[in-house]
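1. Please find the sequence and the predicted model below.
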Number of protein chains: 8
Amino acid sequence: MQVYLSGEIHTDWREQIIAACEGLDMSFSAPVTDHAASDDCGVAILGEEPDKFWHDRKGAQLNAIRTQTLLKSADIAIVRFGEKYKQWNAAFDAGYAAALGIPYITLHPAEHDHALKEVDGSANAMAREPEQVVEALAYIINGTMPTRHANAAE
Amino acid sequence: MQVYLSGEIHTDWREQIIAACEGLDMSFSAPVTDHAASDDCGVAILGEEPDKFWHDRKGAQLNAIRTQTLLKSADIAIVRFGEKYKQWNAAFDAGYAAALGIPYITLHPAEHDHALKEVDGSANAMAREPEQVVEALAYIINGTMPTRHANAAE
Amino acid sequence: MQVYLSGEIHTDWREQIIAACEGLDMSFSAPVTDHAASDDCGVAILGEEPDKFWHDRKGAQLNAIRTQTLLKSADIAIVRFGEKYKQWNAAFDAGYAAALGIPYITLHPAEHDHALKEVDGSANAMAREPEQVVEALAYIINGTMPTRHANAAE
Amino acid sequence: MQVYLSGEIHTDWREQIIAACEGLDMSFSAPVTDHAASDDCGVAILGEEPDKFWHDRKGAQLNAIRTQTLLKSADIAIVRFGEKYKQWNAAFDAGYAAALGIPYITLHPAEHDHALKEVDGSANAMAREPEQVVEALAYIINGTMPTRHANAAE
Amino acid sequence: MQVYLSGEIHTDWREQIIAACEGLDMSFSAPVTDHAASDDCGVAILGEEPDKFWHDRKGAQLNAIRTQTLLKSADIAIVRFGEKYKQWNAAFDAGYAAALGIPYITLHPAEHDHALKEVDGSANAMAREPEQVVEALAYIINGTMPTRHANAAE
Amino acid sequence: MQVYLSGEIHTDWREQIIAACEGLDMSFSAPVTDHAASDDCGVAILGEEPDKFWHDRKGAQLNAIRTQTLLKSADIAIVRFGEKYKQWNAAFDAGYAAALGIPYITLHPAEHDHALKEVDGSANAMAREPEQVVEALAYIINGTMPTRHANAAE
Amino acid sequence: MQVYLSGEIHTDWREQIIAACEGLDMSFSAPVTDHAASDDCGVAILGEEPDKFWHDRKGAQLNAIRTQTLLKSADIAIVRFGEKYKQWNAAFDAGYAAALGIPYITLHPAEHDHALKEVDGSANAMAREPEQVVEALAYIINGTMPTRHANAAE
Amino acid sequence: MQVYLSGEIHTDWREQIIAACEGLDMSFSAPVTDHAASDDCGVAILGEEPDKFWHDRKGAQLNAIRTQTLLKSADIAIVRFGEKYKQWNAAFDAGYAAALGIPYITLHPAEHDHALKEVDGSANAMAREPEQVVEALAYIINGTMPTRHANAAE
């Protein structure tokens, strides 16, 4: 299975998930997470723009080739909302996934619950911690229950 | 043409656009814009929930029947980001429209330009004022140029 | 909006909903609810079959022309599970709607909750009573809150 | 070819089919068939719920990531209805497959024939025994006729 | 509902069905049934061709604009195979409808049963006489059972 | 039927076709054909740009809302290549229609035959004169053969 | 590339093409071409039927799992019409491919040209001999021109 | 990732890009770029035509099997417009990609900017030189910034 890791780029949540999923039969993809590169790729490659709006546009559309291609080909998306910033691109990705019928799991702190209710409402699961995402992916792939709960039964 | 008016619900931008488009051959749709009703519809109709998370979930999923049905059947979406709040549902709608190939116009102040660069990058146009949206719609439907510029030519 | 009323045919829940929705801008469709006609239409029209299996097949496939055409063209489906019988066709319709991205509301007593957890899990709402479906539809179309809760606010 | 084995989880029909298909060029997928894990995965991973309805919801939606992803990517589905329980998720899967144009074979005892007539009516074949499914799959892949009938001809 | 009447053009089966369906809420469409016009429309409009193959090609592709547009927008197709000729365009239309998920009813004499087994196998019903098609359509639209069988019950 | 008239904007071919089709049950749509308005609509409505490239971009994307919406909803497209200019937008529209399965008729002089061979190769018909398009549309809608050829037969 | 070889099963045209394409980067698929097995697979596996119509139905629907799965996943289809029989399944496959946008090449003698004009009209090429299909496939994959014409140029 | 290289065939831009991308995890596809073969493949394989129009048609439709199959399966398309010729097939490919949601990058000199404004307006990026396309692809795949700009930051 292909898993696309969308959203916040200022903490190492992607690395945590990828490392903890070692050994599972899945591959991971993500946007470019180097903030400066992501902002400036357009003008660095396609030519400078004096107007910041078009500077951003060139970068955003170049990044979109990567992100929309990877998201479209994913079986599952994880959409992370961190504590800071607007993070509208994460919500955009969630809507994109929803429209294409790609199931996604949100990952965010409780303080965002109300503001994210529509985004969570179209998600298949909401997690607070990367560890929960890892457990969810292990379950989805192999049916493995998390160790701490392995004896739980109805 | 069907136009869906997505996003911010605290100012009268929808009313401005609809009033100014009177006489054009288009119809408008929108989410429920009564904030309290939108938040509480789920529990009011389907039963109370002690946990705020599920209170919100019931409302969000009921609203989604309306919003996703109207958005899917729209020819054009206008996605408004106001000055306050996270407004992740607006970005979600933009992603949803993008994935379905529904063209959309964003409407937001300059201060959001950088944070909205991905959302703007998949849009067909970005406007600052409702008046510009009205002019764009009039042009799209009838080819009418705005009065102040009617003599512009290459 | 087009609303398809799927499932149980032994009580008058469809009539209740349709009557109570009078005045709302929506139209309703449904399978043939005359049980005998639904069972025997195939052989009555296309010729007798000595084997009950093919008798049923002819009827089921003729009914499917109606039901799948109406379901595919619906904006919303209501899927009713009554207290008796297997009602596998109702669950089939729910899966069909889910795959096509048509939002649906389930309508069933609490005793079915566990057995219907997958069907409810892909639904946008679960109701216990036809009255709740009516309120949900009124809200979806007009944003009208139910009278008993009209003062609720966050 | 990818074959998805949907439905009843209380007998070893999946193991029978998979074992007997050894050597055929096909791969098999299935939902998590550990009943307790399937019921409790949601709360075990994503957090406890005091209300059984939401306990079930969390599990159902987590399972749906697995089941809908595997079903969507299957070339063929086998949908098994056992002798007991409501098994609405099996009928849901059949409807889901039908809407996506994925051919499926039902597997059930004669006592369910009438109740499953709509589900059978959209199927490409109905089998009584796992052995027949194995023979059907061997024929579909290799054109091999079953030994007992290998001499049959028009 | 839109009904597309495909196939044989040498008898008046279309006229029989349309006349007998008067009063039902459905509309009918069909290919051009004037044989000479259908054969020669291409060259008559777009210019003569010395080679019969291209003469036919021009006509076939012009007719295809009509037939494929009408077939794609139909809710139901009736595919008639008469007693004579190859009628490959009728089988082509059946395959086209099947691929798009448009349900169709075949109409043909028993002598074609074996040769049409694949075409019938993807159909929702097979009728021998136009009268049966009329009864099927009346049932699909209104749930009306044919008079001669109105008292049949399980 | 909806007919979209794409391509060259310097002659009155659209007006000729629309006038000659009066009385036929079809409606026509087209891009904005006022050259100056089409070029300058973006900056006139959404704000001036010092760089001609972005001036053009704003206009092109605003026009695309109109053209792609109308083309997507058309049953048939007519794509006209005139004698002058690059007319890449006409070829773009032809490719767009081809990918969506919308049949189109090209309209161009013989001198373009070789350069348009790929565009003609995906078309259903190629016409030299607007009169031929009118005859083709009349035939497609009503089966009417052109007067000058009404007696042609195989 | 995947090539599906549809149609006539009484001559060795498939073997000729496959043998001559050795070394090209393509794989071939086909229906079951053992006539007796194809006719009787349904009842041999799923149980005898006294009525020939249902005998055929069971076989046709089992074969359809194979043929429609393979056809849907093909990049190109070759549709062969031999000199004898109705061969409606070949025309059905052509319509199926056309509706899905899968390009196909027909292969048939000149005597069928007029009767196949609609089927040829939606094809990308028409060939008389298997050798031409081989040359076409070699060209499509590698751009290789046939030896006898290698010096041809505009 | 699969990259389709569409358009101009008279310079070595494809070879430049492919050589410079060595080591990146992507594969390249393209139309047949031997001009004479591309023009004459149809008649060389399928039989001579006295009329140049049908000579071209046979070639164009044979080429279309290759080009549309490769374009449909591409993740990204590069569409090159050279300095000479009409190049309508390049614009056709751009429209085809746009309709399918395949992101594309245009590659053309500044003199075409105005004539290509619609084609550029649906593109994700516009480049002047093959080197820029290489840098864009390297960035899309690996997030690598071009050397000359590697230190750029917001």
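-> Done, it's in. Numbering: from 1, shown residues only, chains lettered A, B, ... in the order given.
2. Find the nearest non-adjacent residue to residue A:67, please.
-> The spatially closest residue to residue A:67, leaving aside those adjacent along the chain, is residue A:31, at 4.8 Å (Cβ to Cβ, 6 or more residues apart in numbering or on different chains). To be clear about C-beta, it is placed using only N, CA and C from the backbone, and glycine gets the same treatment.
3. try residue A:81
-> Residue nearest to residue A:81 in three dimensions, not counting chain neighbours: residue A:108, with 3.9 Å by Cβ to Cβ, 6+ apart.
4. Would you check how far apart the closest residue to residue A:58 other than its chain neighbours and chain G are?
-> What sits nearest to residue A:58 in space, not counting adjacent residues and going by Cβ to Cβ, 6+ apart, is residue A:42, at 2.7 Å. Going from residue A:42 to chain G by Cβ to the nearest Cβ, to the nearest Å gives 34 Å.
5. Residue A:42: neighbour count?
-> 26 (other Cβ atoms under 10 Å in any protein chain shown).
6. Now do the same contact list for it.
-> Neighbour list for residue A:42: A:49, A:55, A:56, A:57, A:58, A:59, A:60, A:61, A:62, H:125 [criterion: Cβ atoms under 8 Å, 6 or more residues apart in numbering or on different chains].
7. so how far is the helix or strand hosting the second one off the chain centroid?
-> Element membership for residue A:55, per DSSP states H and E: helix A:52-72. Between the mean C-alpha location of helix A:52-72 and the chain-wide mean there is a distance of 16 Å, by Cα atoms, centre = their mean, to the nearest Å.
8. Buried residues, it. List them.
-> When burial is assessed from 16 or more other Cβ atoms under 10 Å in any protein chain shown, helix A:52-72 yields the following buried residues: A:53-72.
9. and what of stretch A:128-148?
-> Residues of stretch A:128-148 classed as buried: A:130, A:132-141, A:143-146 (neighbour count, 16+ other Cβ under 10 Å).
10. so of those, which ones are in helices?
-> Among these, the ones falling in helices (DSSP state H) are A:130, A:132, A:133, A:134, A:135, A:136, A:137, A:138, A:139, A:140, A:141.
11. got a markdown table for these, with pLDDT too?
-> Converted to a markdown table, these look like this (pLDDT from 0 to 100):
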| residue | pLDDT |
| --- | --- |
| A:130 | 98 |
| A:132 | 98 |
| A:133 | 98 |
| A:134 | 98 |
| A:135 | 98 |
| A:136 | 98 |
| A:137 | 98 |
| A:138 | 98 |
| A:139 | 98 |
| A:140 | 98 |
| A:141 | 97 |
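12. Looking at the residues you listed, which is nearest chain H?
-> Chain H lies nearest to residue A:130 out of those, by Cβ to the nearest Cβ, at 21.3 Å.
13. Touching, the closest one and residue A:15? I think so.
-> No - in this structure, residue A:130 is not within contact of residue A:15 by Cβ atoms under 8 Å, at 9.2 Å.
14. picking that back up, the residue nearest to residue A:81 and residue F:1: what is the separation?
-> Counting by Cβ to Cβ, to the nearest Å, the gap between residue A:108 and residue F:1 amounts to 49 Å.
15. Between those two, which is the more surrounded one?
-> Comparing residue A:108 with residue F:1 by other Cβ under 10 Å, the one with more neighbours is residue A:108, at 23 against 18.
16. ok, that one - contacts?
-> Residues near residue A:108 by Cβ under 8 Å, 6+ apart: A:80, A:81, A:82, A:116, A:126, A:128.
17. near chain D, which residues of chain A show up?
-> Selection of chain A residues close to chain D by Cβ under 8 Å from any Cβ of the partner chain yields A:1, A:75-76, A:101, A:103, A:105, A:124-128, A:132, A:135-136, A:139-141, A:143, A:145-146, A:148-149, A:152-154.
18. Mark which of these are part of strands, please.
-> With DSSP state E as the criterion, strands contain A:76, A:105, A:125, A:126, A:127 from among the residues of chain A next to chain D.
19. Quick check: the two most widely separated of the residues you listed?
-> Of all pairs drawn from these, the widest gap by Cβ to Cβ lies between A:76 and A:126 and measures 14.1 Å.
20. Near the residue of chain A found nearest chain G, how many other residues are there?
-> Of all residues in chain A, residue A:73 sits closest to chain G, at 16.9 Å by Cβ to the nearest Cβ. Neighbour count of residue A:73, defined by other Cβ under 10 Å: 13.
21. Kindly report the same for residue A:35.
-> If you count neighbours by other Cβ under 10 Å, residue A:35 ends up with 12.
22. Quick check, it in contact with residue A:41.
-> No - here residue A:35 lies out of contact with residue A:41, judged by Cβ under 8 Å, at a distance of 11.1 Å.
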